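*Asks:* what's the 3D shape of this:
(2 chains)
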Amino acid sequence: MVPYHSTSVADDAPDKISVKNLDFFYGDFHALTGVTVGIKKKATTAFIGPSGCGKSTFLRCFNRMNDLIPGTRVEGTVALDGQDVYAPGVDPVDLRRRVGMIFQQPNPFPMSIYDNVAFGPRLQGVKKKSQLDEIVQTSLDRANLWKETKDILSRNGLALSGGQQQRLCIARLLAVEPEVMLMDEPSSAIDPTSVQKIEDLMEELKDRITIVIVTHNMQQAARVSDFTAFFLQETTGEPAVLVEYDRTGNIFTSPKDRRTEDYITGRFG
Amino acid sequence: MSKTITNAIALTLLWMAAIVTVLVLGTLILYVVVNGIGELSLRFIFTWPEGVAAEGGIWPTIVSTMYVTTLAMAIVTPIAVLAAVYLAEYAVQGVLVNAIRFAADSLASVPSIVMGLFGLALFVDAANIGFSMLSAALALSFLMLPIVMRTTEEAIRAVPKFIRWGSYGLGATKWQVVSRSVLPAAMPRMITGIILATGRAVGETAVVIYTMGQAINLPISPLDSGRPMTVHLYLLAMEGINLPAAYGTALLLMLLILGFNLGARYLLRRNRKV
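*Replies:* All right, here's what the predicted structure looks like:
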C-alpha cells in the first residue's frame, strides 16, 4: 500500500464548507440522500466510491454547477464559511468565483495560453497589461507550468499536451484566486507523469486553498488527501449515501464501516 | 449468379455513377473555361463595357456585385448572429423555437425569384427605395439570413459543453460565457457559414434582376442602381449581344465563388487543426 499523506490539519480546524442533510434529485431520480459533512479549511478532502455513487454530483453542489443541468433539485444546506450557498439572493456567479472547478476533461479555451490564464481576471474587469502579465506569470508558476510555457504564451492552449492542458486549467483557475478548488477526477484523462505533476502542485497549494477532489483512484486519494469521504449507492435506483468520513489514514487503515473496508480492499467497485 | 459477379456489377455501377457526376461537372467547367479564358485580361476586369455590343470590360458589374454583396452581408450578419445566439443559448427549447427554426428552413427554400418579386414589391415600390444597391441588398439578405442563422446556430451548438463549464467555473455570467467563450470558439464555423452565404449571393440572379436595375453604373451611394455580373451575363447571352464576353463574365463569376468556397474550406480546416 502507498504511504499515507502526512497531515498537518488539526482536528479542530474550522470547516470551510459544511453540508447538512443534503438530498439531491435529477428530476424524479433521487441521487443522494442525507449527506452531512464538514470540509476542513485549507485541507485536501477526497471523495471516493464506485462509479455512479453521486460523488461528482455532490461536488457540483458546492459551486452550484448543478444549476446548469435542467430539472435538478437540492434539499438541505450547503454552507460556505457559514453562509448557505442555496439561500435566495446568493448569486451563483459570485459563488463560482470563490469556489472554482477543474474538470475531468482538460478544457482550455481555444485561445492563447496567456489569454486562457487572463480570462478570469478579465471577467472581473482587470485590464492593465502589467497587472495581467503578473497574474499570468504567478498563476502559471503556481501551476508548475511557467517554465514550460514562458516562451510560448501566445501559442494556442490546445496545442499543449493533455497533462499541460490540465495544469493550464489549474493556472486559469488560480488566476481568480478562488478559496476552494473542486477537482472532478482531474487526472483520469491524462498520462501518469502529468498526474504526478498535478499531485505535486496540489501539495504545494494546500497551504493557501481548500481542495476537494473526486477520484476513482484510491491510491491517489491516499496520496493527496487529509480527509476522505466514501460514497456508495447500495441498491440500483436508491439514492447514494455518505458511508464514512474520516482522516484519510483512518479510512485506509482502520475503517469503521464494513462497506468501506470492502471497497478499499477491492471486494467491489 | 455468383457473389463475385454481383459484387463486380455493383462496383461497376457505383463507379459509373461517380464518373458521370465528375464528368458533368468537369465538362461544364471545361466548357466555360475554354470559351471564357480568351476574354480574361486585366483590361476585361478593369474597364467599362463600350458600345452596343458591350465590347471592353465588365468593371462596373464587378463593383456592383461586390457592393451589393458586402452591403447584404453587413445587414445579415448581426441579425443572423443575434438570432442564432438567442435560439441556441437563451430560448427555452420548445414549440416556439421549433417554429422559428422551421420558419428559417422554409425561408431558405423559397424560390429566389419569389424573393426577388417580394423585394420589388416591398423595397423598390412600397418603401420607394427604387432600383438600388440597398433594395437588392435587403432582398438578398432574405436569402442569406436563414443560411447564416442556421450555420451560426449549429456552430454555437457544436461548442463543447466543457468549454461552457470551464467559463462558468471561473465565475462568468451567462452573457460572459456566451460572448467570451462560446462565440470565439464558434467563430471559424460562423465565418464559414457567412462566406458560403456570400458565395450564394454573388451567384444570385433572380433576386437582383428585380431589385437592382440593369443600368451599367458604378454605384457610389447605396441608393444608386447598377448591374451585377449575373444580370450582365444573362443579358449578354440571352440577347446575343456578346457571347465571348458572357463566357468571360461566367468564368470570372465562377472563379469568385470558387474563391469564397476555398476560403471557407481553409477556415474550417485551420479550425480543425487548432
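*Asks:* got a list of what whichever residue of the stretch 51-200 of chain B sits closest to chain A touches?
*Replies:* Closest residue of the stretch 51-200 of chain B to chain A, C-beta to the nearest C-beta: B:G171 (3.1 Å). (Glycine included, C-beta is placed from N, CA and C.) B:G171 sits next to A:93-98, A:100, A:120, A:123-124, A:176 when contact means C-beta atoms under 8 Å, 6 or more residues apart in numbering or on different chains.
*Asks:* Now for residue 65, how many residues are close by?
*Replies:* Defaulting to chain A. 24 (other C-beta atoms under 10 Å in any protein chain shown).
*Asks:* My question was about chain B, not that one.
*Replies:* Using other C-beta under 10 Å, B:T65 has 28 other residues around it.
*Asks:* Name the secondary structure element that contains it.
*Replies:* Element membership of B:T65 [criterion: DSSP states H and E] is helix B:59-85.
*Asks:* Next secondary structure element downstream of that helix?
*Replies:* Assigned by DSSP H and E, the successor of helix B:59-85 is helix B:95-109.
*Asks:* can you list the residues that contact that next one?
*Replies:* With C-beta under 8 Å, 6+ apart, helix B:95-109 has contacts from B:83, B:87, B:91, B:142, B:145-147, B:149-150.
*Asks:* is it possible to export these to JSON lines including distance to chain A, neighbour count and pLDDT?
*Replies:* Formatted as JSON lines, the contacts of helix B:95-109 follow (distance: C-beta to the nearest C-beta, whole Å; neighbours: other C-beta atoms under 10 Å in any protein chain shown; pLDDT from 0 to 100):
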{"residue": "B:A83", "distance to chain A": "22", "neighbour count": "20", "pLDDT": "92"}
{"residue": "B:L87", "distance to chain A": "17", "neighbour count": "21", "pLDDT": "91"}
{"residue": "B:A91", "distance to chain A": "13", "neighbour count": "14", "pLDDT": "87"}
{"residue": "B:F142", "distance to chain A": "33", "neighbour count": "22", "pLDDT": "91"}
{"residue": "B:L145", "distance to chain A": "27", "neighbour count": "21", "pLDDT": "93"}
{"residue": "B:P146", "distance to chain A": "27", "neighbour count": "22", "pLDDT": "92"}
{"residue": "B:I147", "distance to chain A": "24", "neighbour count": "22", "pLDDT": "91"}
{"residue": "B:M149", "distance to chain A": "23", "neighbour count": "28", "pLDDT": "93"}
{"residue": "B:R150", "distance to chain A": "22", "neighbour count": "21", "pLDDT": "91"}
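*Asks:* if you go through chain B in chain order, where are the helices?
*Replies:* Per DSSP state H, chain B carries helices over the ranges B:3-36, B:42-46, B:59-85, B:95-109, B:112-119, B:133-157, B:161-168, B:174-176, B:183-203, B:206-211, B:229-238, B:243-273.
*Asks:* right, I mislabeled it, should have said the stretch 51-200 of chain A
*Replies:* Assigned by DSSP state H, counting those that start in this stretch, the stretch 51-200 of chain A shows helices spanning A:55-61, A:92-98, A:113-123, A:129-142, A:146-149, A:162-174, A:192-205.
*Asks:* For A:Y245, find the nearest of those helices.
*Replies:* helix A:55-61 (11.6 Å; C-beta to C-beta).
*Asks:* That closest one near chain B at all?
*Replies:* No - using C-beta under 8 Å from any C-beta of the partner chain, helix A:55-61 stays clear of chain B, coming no nearer than 9.6 Å.
*Asks:* correct me, but A:S18 touches A:K41?
*Replies:* No - between A:S18 and A:K41 there is no contact under C-beta atoms under 8 Å: 10.6 Å.
*Asks:* one step back: quick one: which two of the contacts of helix B:95-109 are the most distant?
*Replies:* Spatial extent of these (C-beta to C-beta) is set by the pair B:A91 and B:F142 at 21.7 Å.
*Asks:* Now do the contacts for B:Y234.
*Replies:* Contact analysis of B:Y234 by C-beta under 8 Å, 6+ apart lists B:205, B:209.
*Asks:* I should have written B:L268 there, sorry.
*Replies:* The contact partners of B:L268, by C-beta under 8 Å, 6+ apart, come to B:188-189, B:192.
*Asks:* So for the residue of chain A found nearest chain B, what's the pLDDT?
*Replies:* Chain A approaches chain B most closely through A:R97 (3.1 Å), counting by C-beta to the nearest C-beta. If you check A:R97, the pLDDT there is 92.
*Asks:* Show me what from chain A comes close to chain B.
*Replies:* By the rule C-beta under 8 Å from any C-beta, the part of chain A lying against chain B is A:63, A:65, A:68, A:93-98, A:100-103, A:105, A:107-111, A:119-120, A:122-124, A:156, A:158-159, A:169, A:172-173, A:176.
*Asks:* Can you tell me which of those are buried?
*Replies:* A:63, A:65, A:93, A:95-98, A:100-103, A:105, A:107-111, A:119-120, A:122-123, A:156, A:158, A:169, A:172-173, A:176 (16 or more other C-beta atoms under 10 Å in any protein chain shown).
*Asks:* counting contacts, what elements does the helix holding B:T65 pack onto?
*Replies:* Helix B:59-85 is packed against helix B:42-46, helix B:133-157, helix B:183-203, helix B:229-238, helix B:243-273, with contacts defined by 3 or more C-beta pairs under 8 Å, 6 or more residues apart in numbering or on different chains; DSSP states H and E.
*Asks:* hang on, isn't A:L153 packed against A:M111?
*Replies:* No - between A:L153 and A:M111 there is no contact under C-beta under 8 Å: 11.4 Å.
*Asks:* picking that back up, skipping adjacent residues, who's closest to the residue of chain A closest to chain B in space?
*Replies:* The shortest distance from A:R97 to any non-neighbouring residue, by C-beta to C-beta, 6 or more residues apart in numbering or on different chains, is to B:G171 (3.1 Å).
*Asks:* Could you report the distance from the one you found to A:N63?
*Replies:* When distance is defined by C-beta to C-beta, to the nearest Å, B:G171 is 9 Å away from A:N63.
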